[in-house]
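Student: take a look and give me a structure for this.
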Amino acid sequence: MTDLTYDVLGIGNAIADVFAHVEDDFLVNEKLVKGSMRLVDTQEAERLYGKMGSAVRMSGGSAGNTIAGLSSLGGVAAYIGKVADDELGKAYAHDMRGIGAHFDTAPLVGGNPTARSMILITPDGERTMNTYLGACTELGPDDIDADVVTRSAITYMEGYLWDPPAAKDAFRRAMKLAHDADRKTALTLSDSFCVDRYREEFRELIRTGAVDIVFANEHELKALYETADIQSAVDAVRQDAKLATITLSEKGALTVTREESFQVRANPVDEVVDLTGAGDLYAAGFLFGLARNYPLARCAELGCMAAAEVIGHVGARPETTLKNLAAQNGFDV
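Tutor: Predicted structure coming up:
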């Protein structure tokens, strides 16, 4: 068997995040659904950006944020995502390598620009995302480095990747390579609207074992099983998935296998500033623990700790070194 080099390989949409604080009236006037993620074209991206006012820019993308969190915990990580050969793309690559992640995906030349997500934060900390995918849509099977997949204990992928056809093929190739090498695969459902688009395909991936570990929040899980009752959704995913972990906002997180389930508390937060990245950082902590063979309850506790750090400030990547924070909270990292 190939030796392990990486705890986790993240595969996702390489997106530059642009954050702005807005009032609820702004969402109403723009006819935006609070807490949703919508895809926008070039024209709409430029129009909305022009209305946002003062903004903060940083590298993001769901799986990219998870990899940043995992690296901050001291994990060894790799990332695959498509950027363009432009200024934003070069900055994104620099950021990923700067956090210590292996990132060697060939940039797109002569096509769409690097993707960006315009994230509108309301006073309650909720985020509404307007995403221009740009170069992300060009991620394809040839971008999947077989050597990196086989050297990664867990390959973690975004549900968002199921939108562009070429990325879906890349997703399938990565899953096969991982399982052929006796590695684990993980999927985050990403967004309830994403689940609505691909419900049956996601359920098939989970039921057949193509995905070993499922990450979801309660809204996504309810959408997956078309129920308003979280317990019904949990019962259903227990039957389908080998392992699922569900974030429950201020109620913490629930982890289920076919044999057991347990809930852990959310970590206290002085002030919820921005919920962007909470699920991504929960996944970072959980995956770090899983790769290091922590008991599942400790994986979830580490995930909740990482999520609590990121919601206390603007931006979806940690501002504090999570390894030090984990050590202060009694984790052996």
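Student: tell me the SS of residue 228?
Tutor: Secondary structure state of residue 228, per DSSP: H, G, I helix; E, B strand; the rest coil, is coil.
Student: contacting residues for it?
Tutor: For residue 228, the contact set (C-beta atoms under 8 Å, 6 or more residues apart in numbering) comprises residue 222. Every residue, glycine included, has its C-beta placed from N, CA and C.
Student: and the gap between it and residue 221?
Tutor: 11 Å (C-beta to C-beta, to the nearest Å).
Student: and stretch 117-125, which residues are buried?
Tutor: 117-122, 125 (16 or more other C-beta atoms under 10 Å).
Student: nope, stretch 241-261 is what I meant
Tutor: Using 16+ other C-beta under 10 Å as the test for burial, stretch 241-261 gives 241, 243-248, 252-256.
Student: can you check stretch 28-37 too?
Tutor: Buried residues in stretch 28-37 (16+ other C-beta under 10 Å): 32, 35, 37.
Student: and if you look at stretch 134-153?
Tutor: 134-140, 143-145, 148-153.
Student: dihedrals phi and psi, residue 197?
Tutor: Main-chain torsions, residue 197, degrees, to the nearest 10: phi -70, psi -30.
Student: same question, the one 10 residues further on
Tutor: Listed backbone geometry of residue 207 is phi -60, psi -40, with angles given as degrees, to the nearest 10.
Student: how about it, nearest residue that isn't a chain neighbour?
Tutor: residue 240 (4.9 Å; C-beta to C-beta, 6 or more residues apart in numbering).
Student: what pLDDT does the model give the one you found?
Tutor: On the pLDDT scale, residue 240 is placed at 97.
Student: report the contact partners of it.
Tutor: Residues in contact with residue 240 (C-beta under 8 Å, 6+ apart) are 203, 206-207.
Student: among the buried residues of stretch 28-37, show me the least confident.
Tutor: For those, the pLDDT minimum is residue 37, 82.
Student: thought that one was touching residue 191?
Tutor: Yes: with contact defined as C-beta atoms under 8 Å, residue 37 reaches residue 191; the gap is 4.8 Å.
Student: give me the residues contacting the lowest-mean-pLDDT helix or strand in the chain.
Tutor: Scoring the helices and strands of the chain by mean pLDDT, DSSP states H and E places strand 56-60 at the bottom, with a mean of 83. For strand 56-60, contacts defined as C-beta under 8 Å, 6+ apart pick out 14-20, 91-92, 95-96, 117, 277, 314-317.
Student: helices - which of these land there?
Tutor: Using DSSP state H, the subset of the contacts of strand 56-60 located in helices is 91-92, 95-96.
Student: which of those sits closest to residue 71?
Tutor: residue 96 (9.1 Å; C-beta to C-beta).
Student: could you identify which of the contacts of residue 240 has the most neighbours?
Tutor: When neighbours are taken as other C-beta atoms under 10 Å, the top entry among these is residue 206 (22 neighbours).
Student: which secondary structure element is home to that residue?
Tutor: Assigning secondary structure by DSSP states H and E places residue 206 in helix 192-207.
Student: if I pick residue 322, what's in contact with it?
Tutor: Counting by C-beta under 8 Å, 6+ apart, residue 322 has contacts 69, 72-73, 284-285, 305-306, 309.
Student: max pairwise distance over those: which two?
Tutor: Pairwise distances across the contacts of residue 322 (C-beta to C-beta) peak at 11.5 Å, for the pair 72 and 305.
Student: doesn't residue 308 make contact with residue 268?
Tutor: Yes: between residue 268 and residue 308 there is a contact at 7.2 Å, judged by C-beta under 8 Å.
Student: higher neighbour count, the two?
Tutor: More crowded of residue 268 and residue 308, by other C-beta under 10 Å: residue 308, with 21 against 7.
Student: measure that one to residue 332 for me?
Tutor: Taking C-beta to C-beta, one finds residue 308 at 19 Å from residue 332.
Student: pick out the residue nearest the middle of the protein.
Tutor: In the chain, the C-alpha nearest the mean C-alpha coordinate belongs to residue 62, at 3.1 Å (C-alpha atoms, centre = their mean).
Student: hang on, that one packs against residue 280?
Tutor: Yes: under the criterion of C-beta under 8 Å, residue 62 makes contact with residue 280 at 5.2 Å.
Student: fine, thanks again, bye for now.
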